[in-house]
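> Okay, sequence plus prediction incoming.
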Amino acid sequence: SKVIFSGIQPTGTPHLGNYLGALYNWVQLQKSTDATIYYSIVDLHAITMPQNPATLRQAKIDMAKSLLACGIDPKRSVLFEQSKVKEHAELQWIFNCITPVGWLSRMTQWKSKLGTNTSSTHSQSLSDETLTTGLKMGLLDYPVLQAADILLYKATHVPVGEDQLQHLELTRDVATLFNKTFKTRLFPLPEAIVPPATKRIMSLRQPGSKMSKSDPSDQSRINLTDSPDEVQSKIARAQTDGIRGITFDPVNRPGVANLLSIQAELEGRTIEQVVEDFKSVQSNKELKDRVTEVIVEALKPIQAEMRRLDAGYVQQVLNDGADKARSVASENLHSCFKAIGLV
Ligand code: TYM
């Protein structure tokens, strides 16, 4: 039977990249499948980077609020905090004991944190920083925890943005390795569900890199909580180019392509249809005005719902979700322990 699992880190407000890359899909799947669905706020992943305790606590509630406001329905989906279900960390340990270190040190996210993907000068300054703050074991081990999240519920499908595909591949490798090692068929090999059109929403300031919560510039992203004025000024200042006319060319015109993708996704139309609209009016300004309008309209109902939801209700939803998740998690972990000989 079909089981869906996905997660999001409670670091900052979700942005348009999270929404179009993942959350929108999460909401749609509630209607389009009869699968059992788990959505987790992955706080244990968040602490692989330094966090302020008070900020983290608040960020988890805010994230849950955002997810509910986007349309996650607690009657349909199990919504919970990862750290409330201790089995995640236990299964991670089991997987740690079979996963080769080499698989982890080859992961691109780890390598980019190490600085090996950047220029030599940049990498030099990063390794200086490494001496003072140090890269933590948890960060290297991050993908194993993600595999544990998914396999703990024997998930078959994982709706994510394109940047998570490598983590999904590792998850399948870990499942295969476990099944082979212990001669069992306990874990299924989960598949990613990636949105078809726009796989990746790019930064508004540097359209060569993805829109990200960890970008120091708030101008680089549209947060789901941004006011109409903020959206207007961020889009107005978004990097485009001086080429005449509106064409979709992600390689040579990444800024314009990103705005076209955002508009197409939010309107539920194809990029060709959107480009067609701009045949007569060929200015970047016109494009930016239209994108602004579409974003502001899309955010309105989400923001109204965020204001309506109170923290007490949200906490109740999370607690109920954790209870449901735990009962499945403990049963599956027990089967896993049996396969290994721990019970
Ligand atoms: P996180 O919190 O970085 O992002 C949550 C989801 O948003 C997608 N996403 C994007 N999609 C398109 N364009 C962008 N610019 C963009 N930025 C983010 C991500 O692909 C993701 O789907 N490791 C995961 C969290 C995680 C998880 C899991 C996911 C932990 N355990 C188990 C799936 C299954 C992460 O850091 O997502």
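Looks like it came in fine.
> Can you pull out the low-pLDDT segments for this protein?
Within the chain, the segments meeting pLDDT under 70 span 116-133, 196-199.
> what do you get if the cut-off is 90, keeping everything else the same?
The model of the chain has pLDDT under 90 over residues 1, 11-13, 21-22, 112-136, 161-162, 194-200, 213-214, 244, 268, 278-284.
> tell me which parts of it are close to the ligand?
Taking Cβ under 6 Å from any ligand atom as the contact definition, the chain meets the ligand at 5-9, 17-18, 21-22, 42, 45, 146, 149-150, 158, 160-161, 163-164, 167, 200-201, 210-211. (Glycine included, C-beta is placed from N, CA and C.)
> one more time with 5 Å, if that's ok
Residues of the chain lying close to the ligand (Cβ under 5 Å from any ligand atom) are 6-9, 17-18, 21-22, 42, 45, 146, 149, 160-161, 163-164, 200-201, 210-211.
> Take those and keep only those in strands.
Counted as lying in strands by DSSP state E, out of these, are 6-8.
> Now do the contacts for the closest residue to the ligand within the stretch 51-200 of the chain.
In the stretch 51-200 of the chain, the residue that lies nearest the ligand is residue 161 (2.5 Å; Cβ to the nearest ligand atom). Residue 161 is in contact with 17-18, 21-22, 194-195, 199-200, counting by Cβ atoms under 8 Å, 6 or more residues apart in numbering.
> could you redo the last one with a cut-off of 7 Å?
By Cβ atoms under 7 Å, 6 or more residues apart in numbering, the contact list for residue 161 reads 21-22, 194, 199-200.
> Could you do residue 222 as well?
Counting by Cβ under 7 Å, 6+ apart, residue 222 makes contact with 15-16, 231, 234, 295.
> In this structure residue 262 contacts residue 291, no?
Yes. At 5.9 Å, residue 262 counts as touching residue 291 under the criterion of Cβ atoms under 7 Å.
> Looking at those two, which one has more neighbours?
Each of residue 262 and residue 291 has its neighbours counted (other Cβ atoms under 10 Å); residue 262 has more, 26 against 22.
> List the buried residues in the strand or helix carrying that one.
Using DSSP states H and E, the element containing residue 262 is helix 254-267. By neighbour count on 16 or more other Cβ atoms under 10 Å, the buried set for helix 254-267 is 254-266.
> Off-centre distance for the helix or strand that it is followed by?
Later in the chain than helix 254-267, the nearest helix or strand by DSSP H and E is helix 271-277. Computed by Cα atoms, centre = their mean, to the nearest Å, the chain-centroid distance of helix 271-277 equals 28 Å.
> following helix 271-277, which helix or strand shows up next?
Next along from helix 271-277, by DSSP H and E: helix 284-308.
> Identify the residue nearest residue 35 in space, chain neighbours excluded?
Among residues not flanking residue 35 along the chain, residue 2 sits closest, at 3.7 Å (Cβ to Cβ, 6 or more residues apart in numbering).
> And for the one you found, the neighbour number?
Neighbour count of residue 2, defined by other Cβ under 10 Å: 13.
> I'd like to know how far it sits from residue 191.
Going from residue 2 to residue 191 by Cβ to Cβ, to the nearest Å gives 10 Å.
> residues bridging contact with those two, i.e. touching both?
Counting by Cβ under 7 Å, 6+ apart, the residues touching both residue 2 and residue 191 are 156-157.
> Tell me if I'm right that residue 219 and residue 237 touch.
Yes. At 6.3 Å, residue 219 counts as touching residue 237 under the criterion of Cβ under 7 Å.
> Who has more neighbours out of the two?
Each of residue 219 and residue 237 has its neighbours counted (other Cβ under 10 Å); residue 219 has more, 16 against 12.
> List the contacts of that one.
Counting by Cβ under 7 Å, 6+ apart, the residues that residue 219 touches are 204-205, 234, 237.
> can you redo the contacts of residue 161 as JSON lines with neighbour count?
Compiled in JSON lines, the contacts of residue 161 are given as follows (neighbours: other Cβ atoms under 10 Å):
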{"residue": "21", "neighbour count": "25"}
{"residue": "22", "neighbour count": "23"}
{"residue": "194", "neighbour count": "20"}
{"residue": "199", "neighbour count": "15"}
{"residue": "200", "neighbour count": "18"}
